[in-house]
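> Here is a sequence with its predicted model. Questions after.
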2 protein chains.
Amino acid sequence: MAGPGEFELIQEYFLSQFSGSDPAAGVELGIGDDCALLIPPPGKRLATSVDTLVADVHFPAKADPYRIASRALRVNLSDLAAMNAEPLWFTLALTLPESDASWLEGFARGLADTARKFGIVLVGGDTTKGPLSITIQVTGATAQPLLRSGAGEGDQVFVSHSLGAAAAALPLVLGDLEGSEGQKQLADAAYYFPEPQFELVGQLSAYASAALDISDGLLADLGHICTASQLGAELNLDKLPIAALAQTAGAERALQLATSGGDDYQLCFTVPEQHVNAVTALQLPITAIGRLTAELGVRCSYGGNRWQPQHAGYQHF
Amino acid sequence: MAGPGEFELIQEYFLSQFSGSDPAAGVELGIGDDCALLIPPPGKRLATSVDTLVADVHFPAKADPYRIASRALRVNLSDLAAMNAEPLWFTLALTLPESDASWLEGFARGLADTARKFGIVLVGGDTTKGPLSITIQVTGATAQPLLRSGAGEGDQVFVSHSLGAAAAALPLVLGDLEGSEGQKQLADAAYYFPEPQFELVGQLSAYASAALDISDGLLADLGHICTASQLGAELNLDKLPIAALAQTAGAERALQLATSGGDDYQLCFTVPEQHVNAVTALQLPITAIGRLTAELGVRCSYGGNRWQPQHAGYQHF
């Protein structure tokens, strides 16, 4: 099927959904010229991050395009949340094997709904012909960024909500595993609709010393905080909040999914001892799971014994 | 061959070449955290643009990686130039079929040399496994942006330097056509080292009413100015400056290459009648080729007759 040409395609599915200028969002000129023209909010730093999702590497090529768009934008928004930045603008570079009107309609709708929910505006893009992949770059503004490098020895290690749901979801999402209707719904939500933790971060930012979002697995990502802060960590995995969907896989497998499975986009953050009471008093869905140490490396205990993961975390190559 | 893991690969080829922070360039925190942290220059608008280059669609997959990087970054810089924006920052989303150390070394070197030449700083990136493609997003700053929509009826249409070189270069670059050593060098320069027209734009910006870079072919891109400005154009192609490499293809073919061939990244811009003398007095490498009209559509004459292109311009789908 010969689809519409590039310009018609962009016009129909993107320009029609994403308005060209949006003064309230600092967009003087959006899609349609050589560049977008943007007015940065005064007195703040810009935070920017880019992520590519490749079909059949980061999502099933045959997945619902609405869900692909949701996941692609949320994964990027999570990086802004982890930095304590409010969403401003994003761009989309979309590579498609062919111009398929119904795929594009679903994708554009998923993108528009997600963008509206999180208050981020599409300001530019490129569509090219080739194997399906999606690159999104998000930009936000922050007055008080949370880095990976600010942690100190003795700081407590926290995670938000629970871990392991997205890794447990994967075989259900791929159709490799049968599940109940309830499990399939949990899997769909965990995999395609991860929640960027903007609200939590906003409440924590005055107390946390370092933070990141868990995309490659708890142990790998906590390792990034440790490396950036030149510290190690001691974790008590008996305290680890494990997602219900992961728990159905049995205790040992659940622990593997929650420590080494990627894609949860929950926060891992550290809090200096003097702020722990204040953070706890906020009654947020967060759990202390250990402490940073001068001794390098991440060490885990479980049921009173040393515990080792089977895999260190997701490796892209 | 099993290459190094993602983190080692990024560390070795990118972090080592692109420093993490660069206060002079407004980079508070570069590669290596959830987001880069950037300080926008006060009182200016940001201009941003994203382009994807897919292997064997936008460049030969087997091309020298140094040249692929040069072309990928220059093509994006050209969008900043066309907007009259100075380069600030860029991000790279690189999708690679495998982690190949020698390919990455050449690519990183090409990227670093090009970035240094144009004063733009790499602030973030993502590497993923998949079919080779390169997405670059550039951001610059401008106090006086040049849009596509500012043109008025009667404005003169100019182009910079000469057109057709990149389209004439393509068969030589692909090895589909034999050429002399001199032709091959011209083709290599035109295709892999297009020159973003920052210097010209800086001198013209006070006089031009609209501008863009010619990436899809003169007639298609002038059509964008006409559409954005709700005007048409009347061109005298006897005046069109045609690149030497295109002229070797014969007069009629040269005219096709110069009007409909893409990838030259020369400027097309419009100047209101009252500024034409001032622009001409600058003695720049620019040529007046026609005039904007109230009648819509782009019409051409050549040798005193109406002239029609064979193709309207490059279509990505």
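Alright, I've got the coordinates. Numbering: from 1, shown residues only, chains lettered A, B, ... in the order given.
> Now stretch A:157-177: buried residues?
For stretch A:157-177, burial by neighbour count (16 or more other C-beta atoms under 10 Å in any protein chain shown) applies to A:157-170, A:172-173. C-betas here are computed from N, CA, C, even on glycine.
> hmm, I was thinking of stretch A:104-112
Of the residues in stretch A:104-112, those buried by neighbour count under the rule 16+ other C-beta under 10 Å are A:Leu104, A:Gly106, A:Phe107, A:Ala108, A:Arg109, A:Gly110, A:Leu111, A:Ala112.
> can you count the residues close to the residue lying closest to A:Gln203 once chain neighbours are set aside?
Nearest residue to A:Gln203, sequence neighbours excluded (C-beta to C-beta, 6 or more residues apart in numbering or on different chains): A:Leu282, at 5.6 Å. By the criterion of other C-beta atoms under 10 Å in any protein chain shown, A:Leu282 has 11 neighbours.
> How about A:Phe59?
For A:Phe59, the neighbour count with other C-beta under 10 Å is 22.
> quick revisit: surely the residue nearest to A:Gln203 meets A:Gly202?
No. Between A:Leu282 and A:Gly202 there is no contact, the gap being 10.9 Å when judged by C-beta atoms under 8 Å.
> helices or strands up against the helix or strand in which A:Ala246 is found?
Secondary-structure assignment from DSSP states H and E places A:Ala246 in helix A:244-247. Applying 3 or more C-beta pairs under 8 Å, 6 or more residues apart in numbering or on different chains; DSSP states H and E, one finds that helix A:244-247 makes contact with helix A:165-173, helix A:181-192, helix A:251-260.
> In the stretch 101-250 of chain A, what residue spans correspond to helices?
Shown for the stretch 101-250 of chain A, the helices assigned by DSSP state H, counting those that start in this stretch span residues A:101-118, A:165-173, A:181-192, A:198-204, A:218-229, A:244-247.
> Please convert those helices to JSON lines, extending it with mean pLDDT.
JSON lines is the format used below for the helices of the stretch 101-250 of chain A (pLDDT from 0 to 100):
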{"stretch": "helix A:101-118", "mean pLDDT": "93"}
{"stretch": "helix A:165-173", "mean pLDDT": "93"}
{"stretch": "helix A:181-192", "mean pLDDT": "95"}
{"stretch": "helix A:198-204", "mean pLDDT": "95"}
{"stretch": "helix A:218-229", "mean pLDDT": "94"}
{"stretch": "helix A:244-247", "mean pLDDT": "94"}
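> Now render the ones you listed as JSON lines, adding distance to B:Leu88.
Rendered in JSON lines, the data for those read as follows (distance: least, C-beta to C-beta, whole Å):
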{"stretch": "helix A:101-118", "distance to B:Leu88": "25"}
{"stretch": "helix A:165-173", "distance to B:Leu88": "35"}
{"stretch": "helix A:181-192", "distance to B:Leu88": "34"}
{"stretch": "helix A:198-204", "distance to B:Leu88": "26"}
{"stretch": "helix A:218-229", "distance to B:Leu88": "25"}
{"stretch": "helix A:244-247", "distance to B:Leu88": "43"}
